[in-house]
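Colleague: I would like to see how this sequence folds:
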Amino acid sequence: MARERDEGKRQVILAEAKRLFAQRGFHDTSVQDIVKGIDLPVGSVYTYFNNKDAIIKAAIEEGWSDFHDSLEAACAAEPSAARRMSLILYRFLPLLFKDVDLVSLFLSEGLRFTSLDDKLERLARLIGAVVNDLAKERGLAVSLSPRQAVTALSVFFLGSMDTIRLSRMAGLPLSEKDVLSFIKLIIETAFSINLEPPEEN
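Modeller: Numbering: from 1, shown residues only. Alright, predicted model coming up:
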């Protein structure tokens, strides 16, 4: 008889796996370790996932999709490029930075278990469009080609995520606020603009 699936249990398994994979590493974490922390029998994991690879893939894919889809919807609903940039800076980057476990998995296992290049390309298209629209709004001659957008995103986005991860792991004296302030300074200087936090709905 097949076990009944419970989405709540599936999410608990994913959250615990994500935490342990990020802290101990994928190879040093067993399915037994995952269920020990959430008081479930080992067999219950296999109701939701075929193996450990499927767990980490789901943790990265679903976490990333939630982030990207929310960002895409928010940008699509905002006609002003300056306000879209504010949303990215003040709402979405802090959300991502708070999920250090997802950031760690994305950086350490993203290439092996997911299509990291596709994710970065989609995000680069979205952010590149915001940058190009912001340049038009400001009357500036800035235009990012798709390749430049991917390069810029890789340097700033992956670099900032890795800085947050390393600052937490190694106790570096850098905070999310420091990283976001630096990114804000670069954007404001490049576009001669003052980015204000978006109004809460």
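Colleague: just say helix, strand or coil for the closest residue to residue 106 other than its chain neighbours.
Modeller: Sequence neighbours aside, residue 60 is the residue nearest to residue 106 in space, at 6.1 Å (criterion: CB to CB, 6 or more residues apart in numbering). Using the backbone N, CA and C atoms, a C-beta is placed for each residue, glycine as well. Taken by DSSP: H, G, I helix; E, B strand; the rest coil, the conformation at residue 60 corresponds to helix.
Colleague: which ones are touching residue 60?
Modeller: 102, 105, 106, 109, 110, 113, 114 (CB atoms under 8 Å, 6 or more residues apart in numbering).
Colleague: now residue 80
Modeller: Contacts of residue 80 were listed using CB under 8 Å, 6+ apart, and they are residue 137.
Colleague: quick one on the thing from earlier: ok, now how distant is the residue nearest to residue 106 from residue 36?
Modeller: 22 Å (CB to CB, to the nearest Å).
Colleague: and for residue 55?
Modeller: 15 Å.
Colleague: same question for residue 80.
Modeller: Residue 80 is 49 Å from residue 36, by CB to CB.
Colleague: now the closest residue to residue 114 other than its chain neighbours: how far from residue 96?
Modeller: In this structure, residue 114 finds its nearest non-sequential neighbour in residue 60, 5.0 Å apart by CB to CB, 6+ apart. For residue 60, the distance to residue 96 equals 13 Å [CB to CB].
Colleague: shared neighbours of the two, anything?
Modeller: residue 102.
Colleague: surely residue 126 meets residue 71?
Modeller: Yes. Look at residue 126 against residue 71 with CB atoms under 8 Å: they come within range, at 6.9 Å.
Colleague: those two - which one has more neighbours?
Modeller: The neighbour comparison of residue 126 against residue 71 (other CB atoms under 10 Å) goes to residue 71, with 21 against 18.
Colleague: could you say which helix or strand holds that one?
Modeller: Applying DSSP states H and E as the criterion places residue 71 in helix 52-76.
Colleague: what mean pLDDT does that helix have?
Modeller: For helix 52-76, mean pLDDT rounds to 94.
Colleague: now do stretch 99-114
Modeller: The average pLDDT for stretch 99-114 rounds to 86.
Colleague: buried residues in it?
Modeller: By 16 or more other CB atoms under 10 Å, the buried positions in stretch 99-114 come out as 99-107, 109-110, 113-114.
Colleague: check what contacts it and list those residues.
Modeller: Here stretch 99-114 makes contact (CB under 8 Å, 6+ apart) with 18-19, 21-23, 25-26, 53, 56-57, 59-61, 63-64, 67, 96-97, 116, 119, 158, 161-162, 164-165, 168.
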